[in-house]
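1. kindly return the folded structure for what I paste below:
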Amino acid sequence: MLFRQLYDATSSTYTYLLADESSQQALLIDPVFEQVQRDLALLQELGLTLKLVVDTHAHADHVTAAWLLKQKTGCAIASAAVINADHVDLPLKHGQRFGVQGVELEARATPGHTDGCMSYILSDQSMVFTGDTLLIRGCGRSDFQQGNASTLYHSITEQLFSLPDTCAVFPAHDYNGRTQSTIGEEKQFNARVGGQANETDFVGYMKAMQLPHPKKIDEAVPANLRSGCPEDGKVPGEADWADLRITFAGVPEVEPEWLIQNQPSVSVLDVREPDEVIEGECPQGLHSQHIPLGQLRDRVDEVAQDKPVITLCRSGRRSAMAVSILKEHGREKVASLRGGLLKMNA
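-> Down below sits the predicted model:
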């Protein structure tokens, strides 16, 4: 199985990619609306087909990307049936098995943080995705959105602590940079529910907590009850000046074919070294401006400003850095030539 743990710094949210390397079918757990381009880029680069998006609960700190990913890929959406969210194709119930070809999960109802919290266990019980029910050395809060400390205690101790001690724990959030734990570790060391804490210990701890109201709750919860669909039901607009592809590294790129067909409407910036450029050379008939990458910061004012800019080099690596430099200087309509001249001349 192919597995990736992705992170959104704004909400401290982990998104998980699980895929079968044979069928190349993939699912995403807890995707974040603002990270759609990143997630799609990773899927494309790994040659995967997104078949399913799964939310562990209706988050209060970010908006899910489920609906938007469905619009872009045709994938199905799954979440707890009790949430009754719009646009859901697979309403999950306790004990239900689901997934994609080659990757099977079991849904377990683990309410207490919210009524609709679910944890997802890999079929061999080697991994569990706990949402906000069980965090690393902590747990989700229980003071809003149907939260109940006693219910949460029983969800953790009966549904999650019954898993093998070696089962790896992957939560929906961590605010201290921790990436994973195990059931055995949390049973022993969890600050709220570990070390043989009983229900009285746990409930007393949770009731004594005084946490600020989640900043995005008023926006996030209604949106997540629509599976992340905007109120106007429209897919957010994207850059329309070029047929852009955003890589997993965050670099906007265009294909050589697009550049050849659209060169009159864009400027081409060659950032190779002087000894790489043959005098008068115009690859594939392109008319380009030449500024070596090492000089670009000092000569950025020389770059044409009346048109979008496509940067190029031998392989597309230095031209990606050139895009970053131009963006640092406020240029928005910039992109790198994908694969550079190697791909253009292939």
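
2. just the helices in the stretch 201-346 of the chain please.
-> Secondary structure of the stretch 201-346 of the chain by DSSP state H, counting those that start in this stretch: the helices cover 217-224, 256-262, 296-299, 317-328, 340-344.

3. for those, give me JSON lines that also has mean neighbour count and distance to residue 153.
-> For every residue, glycine as well, the C-beta is placed using N, CA and C. JSON lines is the format used below for the helices of the stretch 201-346 of the chain (neighbours: other Cβ atoms under 10 Å; distance: least, Cβ to Cβ, whole Å):
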{"stretch": "helix 217-224", "mean neighbour count": "17", "distance to residue 153": "23"}
{"stretch": "helix 256-262", "mean neighbour count": "16", "distance to residue 153": "57"}
{"stretch": "helix 296-299", "mean neighbour count": "13", "distance to residue 153": "57"}
{"stretch": "helix 317-328", "mean neighbour count": "19", "distance to residue 153": "49"}
{"stretch": "helix 340-344", "mean neighbour count": "18", "distance to residue 153": "57"}
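
4. give me the residue ranges of the stretch 151-300 of the chain where confidence is low.
-> 279-285 (pLDDT under 70).

5. can you put the helices of the stretch 201-346 of the chain in CSV and add distance to residue 15?
-> Below are those laid out as CSV (distance: least, Cβ to Cβ, whole Å):
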stretch, distance to residue 15
helix 217-224, 14
helix 256-262, 30
helix 296-299, 34
helix 317-328, 24
helix 340-344, 30
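
6. and of those helices, who's closest to residue 197?
-> Closest of those to residue 197 is helix 217-224, at 28.0 Å (criterion: Cβ to Cβ).

7. CA atoms of the closest one as PDB?
-> This file holds the C-alpha atoms of helix 217-224, laid out as PDB (Å, rounded to 0.1, in the frame of the first residue of the first chain):
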ATOM      1  CA  ILE A 217     -16.400  27.300  13.500                       C
ATOM      2  CA  ASP A 218     -19.200  29.600  12.200                       C
ATOM      3  CA  GLU A 219     -17.900  29.200   8.700                       C
ATOM      4  CA  ALA A 220     -16.500  25.700   8.800                       C
ATOM      5  CA  VAL A 221     -19.400  23.700  10.300                       C
ATOM      6  CA  PRO A 222     -22.100  24.900   7.900                       C
ATOM      7  CA  ALA A 223     -19.800  24.400   5.000                       C
ATOM      8  CA  ASN A 224     -18.800  20.900   6.100                       C
END
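
8. picking that back up, and of the helices of the stretch 201-346 of the chain, who's closest to residue 41?
-> The nearest among the helices of the stretch 201-346 of the chain, by Cβ to Cβ, is helix 317-328 at 13.2 Å.

9. could you list the residues in contact with that closest one?
-> By Cβ atoms under 8 Å, 6 or more residues apart in numbering, the surrounding residues in contact with helix 317-328 are 249, 251-253, 269, 271-272, 293, 296-297, 300, 303, 309, 311-313, 334-337, 340.

10. re earlier: the helices of the stretch 201-346 of the chain: which one's closest to residue 43?
-> Residue 43 lies closest, by Cβ to Cβ, to one member of those: helix 317-328, at 20.0 Å.

11. which of the contacts of helix 317-328 fall in strands?
-> Judged by DSSP state E, the subset of the contacts of helix 317-328 located in strands is 252, 253, 269, 309, 311, 312, 334, 335, 336, 337.

12. turn those into TSV, including distance to residue 220.
-> Shown next, in TSV, are these (distance: Cβ to Cβ, whole Å):
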residue	distance to residue 220
252	28
253	32
269	41
309	37
311	37
312	41
334	32
335	32
336	34
337	38
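
13. need these in CSV with distance to residue 126 and neighbour count, can you?
-> Output for those, formatted as CSV (distance: Cβ to Cβ, whole Å; neighbours: other Cβ atoms under 10 Å):
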residue, distance to residue 126, neighbour count
252, 38, 21
253, 37, 24
269, 49, 26
309, 48, 20
311, 44, 30
312, 45, 27
334, 44, 23
335, 41, 27
336, 39, 27
337, 43, 27
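
14. thanks again, I'm all set now.
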